[in-house]
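Peer 1: Need the 3D shape of this:
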Amino acid sequence: MSGESPRGRRELHGAAASPGVAVGSALVWRRSVLPVDAPPSGSPAGPDAEIARLRSALATARGELEALRDKAPKDAGESEAEIFSAQLLMLDDPLLIGQAEDDLRAKGVSAEEALARAGRQAAEAIDAIASAGRERRPGRRSAWPPRVSCGRL
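Peer 2: All right, here's what the predicted structure looks like:
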C-alpha cells in the first residue's frame, strides 16, 4: 500500500524486517511473469533440436553474464556485482536445466517454454520452503526470506 504524504513524499507500507522507522530510497519488488518468446520461425523441430537450442542459449548467456560479472565491480561495486555470479550458478543448476530438458523430451515444447516452466517450478519450490520456514517460527524472527539480490537473465 502506498500514498502521498503531506510533504509530497511517497509512503510505502509493508512487512518490516526489523522494528523502527526508515527514511530513504526503497527498491520496490513486484512479482511479474515475463513473456516467453516464440522460437524463431524455421527453427528445427523436435526434442533433440530444441535441447541443442537450449544448450546454445545457455552458453551464450554464460558468456554475457561472465562479461557483466567482470565489468560490474568497477561500474556498480563489488556487492552489486555478486548477482551475476548467482545467475551463473543458475545456468549450471542440474535440477533446473534437467527439468527443462525433461519437458523438451516429454512435452514437445520449445526451449524457451521449457526453461520458463522449469524456472517457475523452481521459484514455486523456493517459495514453499520459505513459507514453511516462516510457519515453523511463529512469533520469532525467521531467516526467511533469505537476504539476496534479485535480477533478470
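
Peer 1: Give the other helices and strands that the biggest helix by length in the chain contacts.
Peer 2: Of all segments of type helix in the chain, defined using DSSP state H, the longest is helix 47-76. Where contact means 3 or more CB pairs under 8 Å, 6 or more residues apart in numbering; DSSP states H and E, helix 47-76 is packed against helix 78-91, helix 94-107, helix 111-135. The way it works is simple: take the backbone N, C-alpha and C, and place the C-beta from them, glycine included.

Peer 1: Out of those helices, which is closest to residue 39?
Peer 2: helix 111-135 (6.3 Å; CB to CB).

Peer 1: could you say what helices and strands the closest one packs with?
Peer 2: Going by 3+ CB pairs under 8 Å, 6+ apart, helix 111-135 lies up against helix 47-76, helix 94-107.

Peer 1: Which of these sits closest to residue 114?
Peer 2: It is, among the helices and strands packed on helix 111-135 and with distance given as CB to CB, helix 94-107, at 4.2 Å.

Peer 1: Now the closest one: average pLDDT?
Peer 2: Here helix 94-107 scores 94 as its mean pLDDT.

Peer 1: which parts of it are buried?
Peer 2: Across helix 94-107, burial judged by 16 or more other CB atoms under 10 Å covers 96-97, 99-101, 103-104.

Peer 1: ok, now stretch 69-89?
Peer 2: 69, 72, 81, 83-84, 87-88.

Peer 1: Dump the residues you listed into JSON lines; add pLDDT and distance to residue 62 as well.
Peer 2: Listed next are these as JSON lines, based on pLDDT from 0 to 100; distance: CB to CB, whole Å:
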{"residue": "69", "pLDDT": "92", "distance to residue 62": "10"}
{"residue": "72", "pLDDT": "91", "distance to residue 62": "15"}
{"residue": "81", "pLDDT": "85", "distance to residue 62": "16"}
{"residue": "83", "pLDDT": "90", "distance to residue 62": "15"}
{"residue": "84", "pLDDT": "91", "distance to residue 62": "11"}
{"residue": "87", "pLDDT": "91", "distance to residue 62": "9"}
{"residue": "88", "pLDDT": "93", "distance to residue 62": "7"}
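
Peer 1: Columns distance to residue 53 on top of the residues you listed, output as CSV?
Peer 2: CSV is the format used below for the buried residues of stretch 69-89 (distance: CB to CB, whole Å):
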residue, distance to residue 53
69, 24
72, 28
81, 29
83, 26
84, 23
87, 20
88, 20
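
Peer 1: which among the residues you listed gets closest to residue 114?
Peer 2: Comparing the buried residues of stretch 69-89 against residue 114 with CB to CB places residue 87 closest, at 18.4 Å.
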